[in-house]
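Trainee: got a predicted structure here, sequence first:
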Amino acid sequence: MILVTLNRNFSINFVKNCRNFSTMNDLTTIFLAGVASVQPKSLIKKTVQIKNKTLIVNGNEFVMKKPCYVVGFGKGVYGMALELQDILGENLQNGVVTVPSGIFTKFGGRPKCECRIQFIEGAKDNIPDLNAFEGSLKIKKMIEKLDKDDLVVVLITGGGSALLPYPKEPMTLEEKQIIIKSLSKGGADIKELNSVRKKLSELKGGGLAKLALPAKVISLILSDIVGDPLDFIASGPTVTNLDSPDKALNIIKKYELFEKLPEHVKVILKSENTFKVTNAENFIIGNNKLAVEACRTKAISFGYETRILTTKIQDDVEVLSKFYAELAALIYSSTNKTDLRNFLESAKSKLDDIDVEDFLQLDFSKNICIIGAGEPTVVVKGKGKGGRNQELALRFSVEVNKFSGAKMEDISFLSAGTDGMDGPTDAAGALGSSNLVNKAAQFHISPTQFLPNNDSYNFYSQFDNGTHLIKTGHTGTNVMDIHLIIIQKNK
């Protein structure tokens, strides 16, 4: 076995005698470079200072009349909270932070320092649970006691919605879980999910800032939403809910759930959005643009001709896999730049950050690495085990195999979540390639046996001894997914 490692927290095992081991190694190392660039501790260190009882965030000064409070929720807040505690020192009163189940195991156990922050694990597999509910209740009780001389620092990252699930009464946590699960299985994207969460939650959609009044709120945010919209990241707990009053209701109706809801939930959905946040300052300290730039730098260091395609992927994986496969095949053939230009121009309606002219300057004689990022969706029709990244990698392999111009081992693909989690599995994602379909036949399996049941994890577990699954465990961060395509021209 070979260990691909960037630091002690992130490592992936591969079998060295895989025929395309070198490319697999490059793909995963490039991915891990992106993950390392958005580690929350380093981002906090770059962003926050304390001088003479003044909190300084990106050059903005906030005078503290007394020690401040800290609350947080999300997949990346553990490292943020520990670093912030070190920076604040005696300027920290206490805090409550909810973190994903299993994160202490990944990072060597609970902190051994004299902590003023209480850490609560919850939301196993990113599903709100009783532990997350109790953690959000503790946060609620802390902030609603604050007065005008208090300051509370709120740490927010992706996964925060599941770790701050306190519902509006009289709705129960179980009722809210059923709604969110049904929307997710129906193919609702993250913005649709968070619009509903904002409406149904006591602390989301500006609710946390409202409860903190008259205290001052400073939010430090690691974005996991395309375009970094503050009112959608972790469902906007410290930002005015800008949705129209009937937006969440219309989403519920779109996915044909309204008639199944209890009457008290319907009442909540029909209520007005009236509160405007005036007591909070919000700062984005990291996003997927930082991660893809780090991926680009690493790919260039390996000698690849490299381009960033987009940071705004939101398509369904079935559609996206066909797009990526056709792009890879066009670049591989590289005989007609007009076709490539037309293909990229047609994508600009959805991916407006594609730089078509820059793409056309690619040196097609070299090995090429294309980088994309965002958060695609998947419609769950079956009862299999998997996640959007594993399904995307598998679907890409099927689609690229259809292009006869591409040699069997010349196009490789990675899709993985920067949080280390992909659906209810122990994988962050998976690797695909133009030879995967043919090679799978050697193991007497075919992707078409698994895709209709959304069973990508079991395919990859049976394929090539599971070596194409990417397993990092919790990474302590979350800036959506990274997609990498390597097109080899020279071996």
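Mentor: Cool, got the structure.
Trainee: got any ranges where the stretch 1-150 of the chain has weak pLDDT?
Mentor: Residues of the stretch 1-150 of the chain meeting the criterion pLDDT under 70: 1-21, 113-114.
Trainee: can we see that at 80?
Mentor: Along the stretch 1-150 of the chain, segments meeting pLDDT under 80 span 1-21, 107-109, 111-114.
Trainee: residue ranges of the helices in it, please?
Mentor: Remark: helices assigned in the stretch 1-150 of the chain by DSSP state H, counting those that start in this stretch are 21-37, 40-47, 77-88, 103-106, 130-143.
Trainee: tell me the buried residues in the fourth one?
Mentor: Yep, that's helix 103-106 we're talking about. By 16 or more other CB atoms under 10 Å, the buried positions in helix 103-106 come out as 103-104, 106. C-betas here are computed from N, CA, C, even on glycine.
Trainee: pull the distance from that helix to the chain's centre.
Mentor: Helix 103-106 sits 18 Å away from the centroid of its parent chain (CA atoms, centre = their mean, to the nearest Å).
Trainee: show me what that helix is packed against.
Mentor: With contacts taken as 3 or more CB pairs under 8 Å, 6 or more residues apart in numbering; DSSP states H and E, helix 103-106 sits against strand 117-122.
Trainee: so what secondary structure elements neighbour the strand it packs on?
Mentor: Checking 3+ CB pairs under 8 Å, 6+ apart, strand 117-122 ends up next to helix 77-88, strand 92-100, helix 103-106, helix 130-143.
Trainee: can you list the buried residues of helix 103-106 in CSV and add distance to Gly286?
Mentor: Rendered in CSV, the data for those read as follows (distance: CB to CB, whole Å):
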residue, distance to Gly286
Ile103, 18
Phe104, 22
Lys106, 19
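Trainee: for Asp419, state which of these is nearest.
Mentor: Closest to Asp419 out of those is Ile103 (10.4 Å), distances taken as CB to CB.
Trainee: so who does that closest one touch?
Mentor: Ile103 makes contacts with 75, 78, 121, 474, 476, as judged by CB atoms under 8 Å, 6 or more residues apart in numbering.
Trainee: nearest residue to the second one other than its sequence neighbours?
Mentor: Which is Tyr78. Val99 (4.7 Å; CB to CB, 6 or more residues apart in numbering).
Trainee: and the residue nearest to Ala427 when sequence neighbours are not counted, how many neighbours?
Mentor: Using CB to CB, 6+ apart and skipping the chain neighbours, the partner closest in space to Ala427 is Leu469 (4.6 Å). Per other CB atoms under 10 Å, the neighbour tally for Leu469 reads 26.
Trainee: state the distance from Leu469 to Lys75.
Mentor: 20 Å (CB to CB, to the nearest Å).
Trainee: if I pick Phe119, what's in contact with it?
Mentor: Remark: with contacts taken as CB under 8 Å, 6+ apart, Phe119 is in contact with 78, 81, 97-99, 104, 110-111.
Trainee: and the gap between it and Gly72?
Mentor: For Phe119, the distance to Gly72 equals 9 Å [CB to CB].
Trainee: what do these two both touch?
Mentor: 81, 97-98.
Trainee: which of the residues you listed tops the neighbour count?
Mentor: Compared across these, Thr98 has the highest neighbour count, 30 neighbours, by other CB under 10 Å.
Trainee: against Glu134, how distant is that one?
Mentor: Taken as CB to CB, the span from Thr98 to Glu134 is 9 Å.
Trainee: which neighbours do the two share?
Mentor: Shared contacts of Thr98 and Glu134 (CB under 8 Å, 6+ apart): 120, 122.
Trainee: what's the burial count for the closest residue to Lys270 other than its chain neighbours?
Mentor: Sequence neighbours aside, Leu249 is the residue nearest to Lys270 in space, at 6.3 Å (criterion: CB to CB, 6+ apart). A count of nearby residues for Leu249, using other CB under 10 Å, gives 19.
Trainee: three-state assignment of Leu249?
Mentor: Using DSSP: H, G, I helix; E, B strand; the rest coil, the structure places Leu249 in helix.
Trainee: which residues touch it?
Mentor: Residues 199, 258, 269-270 are the ones in contact with Leu249 under the rule CB under 8 Å, 6+ apart.
Trainee: do the same with Phe107
Mentor: Each residue near Phe107 by CB under 8 Å, 6+ apart is listed here: 9, 78-79, 474, 476.
Trainee: coming back round to it: so what pairs up with the residue nearest to Tyr78 in the strands?
Mentor: For Val99, the beta-bridge partners are Glu121 (DSSP bridges).
Trainee: wait, isn't it in contact with Ile120?
Mentor: Yes. If you go by CB atoms under 8 Å, Val99 and Ile120 touch, sitting 7.1 Å apart.
Trainee: more neighbours: these two, which one.
Mentor: Shown here are Val99 and Ile120; by other CB under 10 Å, Val99 has more neighbours (29 against 18).
Trainee: measure that one to Arg110 for me?
Mentor: Taking CB to CB, one finds Val99 at 10 Å from Arg110.
Trainee: next one: Val356
Mentor: Val356 sits 50 Å away from Arg110, going by CB to CB.
Trainee: quick one, strands of the stretch 251-400 of the chain?
Mentor: Ranges of strands in the stretch 251-400 of the chain, per DSSP state E, counting those that start in this stretch, are 280-286, 305-313, 368-374.
Trainee: okay, now the sheet partners of the first one, with direction.
Mentor: By that I understand strand 280-286. strand 216-222 (parallel).
Trainee: and the strand it pairs with, average pLDDT?
Mentor: Mean pLDDT, strand 216-222: 98.
Trainee: cheers, nothing more for now.
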